[in-house]
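In: here's my sequence, what's the structure:
(one chain, ligands or ions: 1)
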Amino acid sequence: MKRLFLRCIGCGAEYSGDVVIYRCPRCGDLLDVVVDVDEVFCRESLKGRVESIWRYAELLPDFGDGVVTLGEGFTPLVKCEKLARIVGVRELFLKLEGLNPTGSFKDRGMSVGVSMALRIGARSVICASTGNTSASLAAYSARAGLECIVLIPEGKVAVGKLFQARIHGAKVYQVRGNFDEALSIAIERSSETGAYLLNSVNPWRIEGQKTVSFEVWEQLGRTDINVVVPVGNSGNISAICKGFKELEMYGVIDDVPRLIGVQASGAAPIAEMVRSGASSIRFWDSPETIATAIRIGKPVNWKKGIRAIRESGGTAVSVSDEEILEALRLLATVEGVACELAGASTIAGLRRLVDEGVIGGDETAVCILTGNVLKDPSEQLVAWNVPTVIEAEGVKSI
Ligand code: F0G
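Out: Residues are numbered from 1 along each chain as shown. The predicted structure is shown next:
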């Protein structure tokens, strides 16, 4: 038997998985998908299965032939000995989410979310985005044959991400405002027009994204670790927590890893709340950071994100743009791994927490590098390495 239904995180009201709601109709709070199954996978039963998120089908919704997939998930987990020594931890692994089909972890959630859009008979889908969500939704909705509408903050989206939304044929609206304002418009237009909303407030997105935790467990073979995650809306950190908690609930693992959220210091309402121990969040009106993917001041999933951090015994930290740039340079030159700035913030955050003694030198960390470096090939990221121009003839020394 397998049953997936919705439960409000505030009042506990339960709803069928077939109704189209993004928040609790009774109290307005966020919704969790509850997965109730008799049987779950084990290491043995996973052998030979498809190398995508769908290898973990027991804990995902069933879409049969209606599944919209591009082979998302099953990304490499790379061990980094040199970087581990520099940062000061015993072991350090990087999860290369930039190798997903559209270059970010969003594809995991969009495979489930767009499949759900087809199932409920939606004709169009909509999202607000700092870039990656729109790139992913544009691709998956094109594959599904759905109209796609995306709203992005004007001038604050990396060039590669905007290019992706356009090439897949999405209708792109550039909002004269920030992400938080674009999201308000998307939510309102969704309820007015019936376009299916695919921001991470949609709990089915989280279902796809939780699979990264299944992979970390399967690839690493243990979960007595710190998982370090860049945080914007807090959708992903809550998805990662949900994945590990489901493994724990079904007896696959004994412990949920410590979840560490990292934010940019110009857009850090979650880190501020965790560090201060406050019981409610203070939203930031004018978030600013070079890591535009996480330039978010009003994280829509903040309650789930805080729950994930606190329940896992983790913490959150904010790092400056300079620290993020330095972390990317380090990653790229020492380990040959590059990623988006948001992903590099995890290395900066880890360094900070090791320096503060919050993470010990004998511990293991897995950093989730959420997006591909080629999304944002801007000059300022490589200002430290300017190419030398030479003549085409008579070159004597290089
Ligand atoms: N890293 C990258 C590369 C992202 O694109 C995002 C979010 C995050 C981390 C943070 O994840 O919001 O779930 O906490 N990008 C969204 C977007 C907001 O529109 O692409 P989160």
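In: so who does the most centrally placed residue in the chain touch?
Out: Using CA atoms, centre = their mean, the residue of the chain that lies closest to the mean C-alpha position is Asn236, 4.1 Å off. With contact taken as CB atoms under 8 Å, 6 or more residues apart in numbering, Asn236 is in contact with 105, 200, 209, 229-230, 368, 370. In this view, the C-beta of every residue, glycine as well, is placed from N, C-alpha and C.
In: roughly how far apart are it and Met249?
Out: Distance, Asn236 to Met249, using CB to CB, to the nearest Å: 20 Å.
In: at which residues are the helices of this structure located?
Out: 81-87, 106-119, 132-144, 159-167, 179-193, 203-209, 211-220, 235-249, 269-276, 302-311, 321-330, 341-355 (DSSP state H).
In: what parts of the stretch 101-250 of the chain come near the ligand?
Out: Counting by CB under 6 Å from any ligand atom, the residues of the stretch 101-250 of the chain lying close to the ligand are 104, 129-133, 200, 230-236.
In: how close does Val50 sit to Glu311?
Out: According to CB to CB, Val50 and Glu311 sit 31 Å apart.
In: again with Leu259
Out: From Leu259 to Glu311 the distance is 9 Å (CB to CB).
In: and for Glu246?
Out: Remark: distance between Glu246 and Glu311 (CB to CB) = 13 Å.
In: higher neighbour count, the two?
Out: Glu246 (22 against 12; other CB atoms under 10 Å).
In: list the contacts for that one?
Out: Contacts of Glu246 (CB under 8 Å, 6+ apart): 35, 40, 59, 210.
In: taking those, tell me the two that lie furthest apart.
Out: Val40 and Lys210 (13.0 Å; CB to CB).
In: between those two, which one's more packed in?
Out: Between Val40 and Lys210, Lys210 has the larger neighbour count (other CB under 10 Å), namely 29 against 17.
In: identify the residue nearest the more buried one in space, chain neighbours excluded?
Out: Excluding its sequence neighbours, the residue lying closest to Lys210 (CB to CB, 6 or more residues apart in numbering) is Gly243, at 3.4 Å.
In: what of Asn178?
Out: Distances taken as CB to CB, 6+ apart place Pro153 nearest to Asn178, at 5.1 Å, with adjacent residues excluded.
In: for burial, what's the neighbour tally of Phe214?
Out: 24.
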